[in-house]
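> I would like to see how this sequence folds:
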Amino acid sequence: MICSACQDKKQKQLVENLVVEQVPIALPKQKIDTSITKDFVLGKFDYKTHQNFIKVNEQHASKPLYLNITCYDAFIKMYEATKADGIYLKIISGTRNFYEQKRIWER
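All right, here's what the predicted structure looks like:
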């Protein structure tokens, strides 16, 4: 094993006689999400009609936009928690497809 730190000025040291215990862990089987395709990762899909995306309620956003449903659910929980303290959050950016993002890059 080699030990080092980012700020360490000394040479790296080799640590010998290191005892490592292996503990087998049973991992739960996970369902593979088949909705994540190459086109999805590249943003080449229509988020307005995709089953995993939802239009954000206008009280939560500064303009019409869409978010992943899981992300939006988490935002709503955060919004409700901060609203109790008098803080009102607004989403200012959401999902973009490949071509919308490309237009921004090419400005």
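> in its sheet, what does the helix or strand harbouring Leu67 sit against?
Assigned by DSSP states H and E, Leu67 belongs to strand 66-68. Taking DSSP bridges as the criterion, strand 66-68 forms sheet pairs with strand 53-55 (antiparallel).
> list the contacts of the strand it pairs with.
47-48, 64-69, 72, 95 (CB atoms under 8 Å, 6 or more residues apart in numbering). (C-beta placed from N, C-alpha, C; glycine too.)
> buried only: go through these for me.
47, 65-67, 72, 95 (16 or more other CB atoms under 10 Å).
> quick one: the helices in this structure?
Listed in chain order, the helices of the chain (DSSP state H) span 38-42, 69-83, 98-105.
> deepest-packed of these, please.
helix 69-83 (a mean of 13; mean count of other CB atoms under 10 Å).
> burial of the nearest residue to Tyr72 once chain neighbours are set aside, as a residue count?
Leaving out its chain neighbours, the residue that sits closest to Tyr72 by CB to CB, 6 or more residues apart in numbering is Ile54, at 5.6 Å. Neighbours of Ile54 under the rule other CB atoms under 10 Å: 18.
> how close does Ile54 sit to Glu106?
Note on Ile54: its distance to Glu106, by CB to CB, to the nearest Å, is 29 Å.
> wait, what's in contact with Ala61?
90-92, 94.
> would you write out the ChimeraX command that picks the buried residues out of these?
The buried subset of the contacts of Ala61, as determined by 16+ other CB under 10 Å, is captured in ChimeraX by this line:
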select :91,94
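> Asn97 contacts Val41, correct?
No: if you go by CB atoms under 8 Å, Asn97 and Val41 don't touch, sitting 11.9 Å apart.
> and the gap between the residue nearest the centre of the chain and Gln22?
In the chain, the residue lying closest to the centroid (CA atoms, centre = their mean) is Cys71, at 8.3 Å. Computed as CB to CB, the Cys71 to Gln22 distance reads 37 Å.
> what sits against Gln101?
By CB under 8 Å, 6+ apart, the neighbours of Gln101 are Gly43.
> find me the pLDDT at it, would you?
For Gln101, the model assigns a pLDDT of 93.
> understood, closing this out.
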